[in-house]
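Chemist: what would the 3D arrangement of this be:
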Amino acid sequence: MRHGCFAGKTIGERLQIIRERTGKSRTVVAGLVGRSSDWLKQVEKGKIQTPRLPTLVKLAEALGVHDLAEITGSTAMPIDLSRRAGHPAVEALREAIEEMPLAVNDRQQPNVDALKHASANAWHLWHNSPTPRSSVGALLPAIIRDARRAARILDVEPRRSAYATLTSAYGLAHQVLAWVSDTPLLWLVADRAMNAAEHAGDPESLALGAWVLGNVWRASEREEDAYQLVTEAGTLLEPYLNNGDDTTRALWGALHLHGAITAARLGREGDALFALDQADKMPRKMPSGYVHSSTVFGAANADTTGVNVYTDLRKSAHTLDADIDALPSVHRRSRLWLDMARSYHQRKDRVATLQILQRATDTCEESMRHHPMARGIAGELVSNGGRNVQRDARVLAKRLGLTA
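Modeler: Coordinates of the predicted model:
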């Protein structure tokens, strides 16, 4: 993506071309530089003044641009921008995911049960640690390497079990890498998860692989493809709902919640509310208090996902009764408090927005520091919050890693 295709283009037009080619939404890019998606749209369309150099540098970093001249069109002041990882855990995970060892040591037989246990423990840590990326990032590269080795050297059923564990490990890798790594790595993780699921061959692994890939497609503005994928995956599980175990039912419910959120983003209210209603019924068919280890599907998850759905449908009043603290996942609670803040932000209630975003940050600061929506809302509160909000908003923005 060099300068020839940018001939005669303004800085705003160049930014839009690069953003679209990298598959990033305005919300994501704007959030990474602490601004709103509307601000970025105005920049791209040339309706406001061109950002100053420090902001252009931040935009270049968010877009993965190494040479600022691609954005400015000027070589008078060359600035080289090296790729930076959004979190220290990224590079070790990248190495484990990207490496392709052709020879493996087959003298020591892997313990598939131990691998499954290690993956389950890593998921538990993700949902319960106050620093989920740091905690899981220290363990996951070894789990991925060991599961890949097991899948290479074991036979038949143990191999399928190893692939099922590998699907789960890649699914967790996607959670760790979301918002902090480049788009190609996220796509690779999703592809590896789906490939491992196909090798495992069981409906639950295929459903989990679809859940992971659907998340990546939805984040890449392929909402329609994501909706179709998780709908088909749910259909795949339906013959096993009565005679299968709770894992099957939980994955079916999680896929419907995924579909509800995705349909809401597409503006398809009927499909979104139907999927939400279907998911809400499933916990009644499961033991009281059951929570799926990966997707955290259960009664609390089904109840609170309405925050996401109604916020995206811009029906903010419906989100106010959600019991977010009932969710058994620190990371997920912080994300839902963020969606609650977004709900208040839609209604321009800046005081409530600030208070709820502070609560999201108190719940899991690491997650909020790396979420573009949290950074974007905090940036807007600093810029436009008014005298009663701006001082505390600056403190919050500093916690989220923004210059305020």
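
Chemist: got the buried residues for the helix-or-strand element of the chain with minimal mean pLDDT?
Modeler: Lowest by mean pLDDT, DSSP states H and E among the helices and strands of the chain is helix 53-63, with a mean of 78. For helix 53-63, a neighbour-count test (16 or more other C-beta atoms under 10 Å) marks Leu56, Val57, Lys58, Leu59, Ala60, Glu61, Ala62, Leu63 as buried. C-beta here means a position set from N, CA and C on the backbone, and glycine is covered the same way.

Chemist: got it, and stretch 125-139?
Modeler: For stretch 125-139, the neighbour count (16+ other C-beta under 10 Å) marks Leu125, Trp126, His127, Ser129, Pro132, Arg133, Ser135, Val136, Gly137, Leu139 as buried.

Chemist: again with stretch 292-312
Modeler: 292-312.

Chemist: what about Gly201, distance to Thr165?
Modeler: 14 Å (C-beta to C-beta, to the nearest Å).

Chemist: the more surrounded of those two?
Modeler: Thr165 (29 against 11; other C-beta atoms under 10 Å).

Chemist: any idea how far Ala250 is from Leu177?
Modeler: Distance, Ala250 to Leu177, by C-beta to C-beta: 23 Å.

Chemist: revised request: answer the last question for Leu166.
Modeler: Remark: distance between Leu166 and Leu177 (C-beta to C-beta) = 16 Å.

Chemist: distance of the nearest residue to Leu15 once chain neighbours are set aside from Asp182?
Modeler: Nearest in space to Leu15, with sequence neighbours left out and distances taken as C-beta to C-beta, 6 or more residues apart in numbering, is Glu44 at 5.5 Å. Remark: distance between Glu44 and Asp182 (C-beta to C-beta) = 21 Å.

Chemist: and Asp67, its phi and psi?
Modeler: Taking degrees, to the nearest 10, you get phi -120, psi 110 for the backbone angles of Asp67.

Chemist: who's it bridged to?
Modeler: Asp67 forms beta bridges with Asp80, as assigned by DSSP bridges.

Chemist: what about His199, how many residues nearby?
Modeler: 16.

Chemist: same deal with Glu365?
Modeler: The burial metric for Glu365, expressed as a neighbour count using other C-beta under 10 Å, is 17.

Chemist: what's near enough to touch it?
Modeler: Listed by C-beta atoms under 8 Å, 6 or more residues apart in numbering, the contact set of Glu365 reads Pro130, Arg399.

Chemist: got it, and Ala197?
Modeler: Ala197 makes contact with Tyr163, Ala164, Thr167, Ser205, Leu206, Leu208, Gly209, Ala210, according to C-beta under 8 Å, 6+ apart.

Chemist: then Leu166?
Modeler: When contacts are counted by C-beta under 8 Å, 6+ apart, Leu166 is found next to Ile144, Ala147, Arg148, Ala151, Arg192, Ala196, Ala200.

Chemist: so which of these would you say is closest to Val90?
Modeler: Of all those, the one with the least separation from Val90 (C-beta to C-beta) is Ile144, at 13.7 Å.

Chemist: close enough to count as contact, the closest one and Gly171?
Modeler: No. With contact defined as C-beta atoms under 8 Å, Ile144 does not count as touching Gly171 (11.1 Å).

Chemist: now whatever helix or strand Pro184 lives in: buried residues?
Modeler: Pro184 is part of helix 183-200 when elements are defined by DSSP states H and E. Within helix 183-200, the residues that qualify as buried are 183, 185-186, 188-190, 192-194, 196-197, 199-200, counting by 16+ other C-beta under 10 Å.
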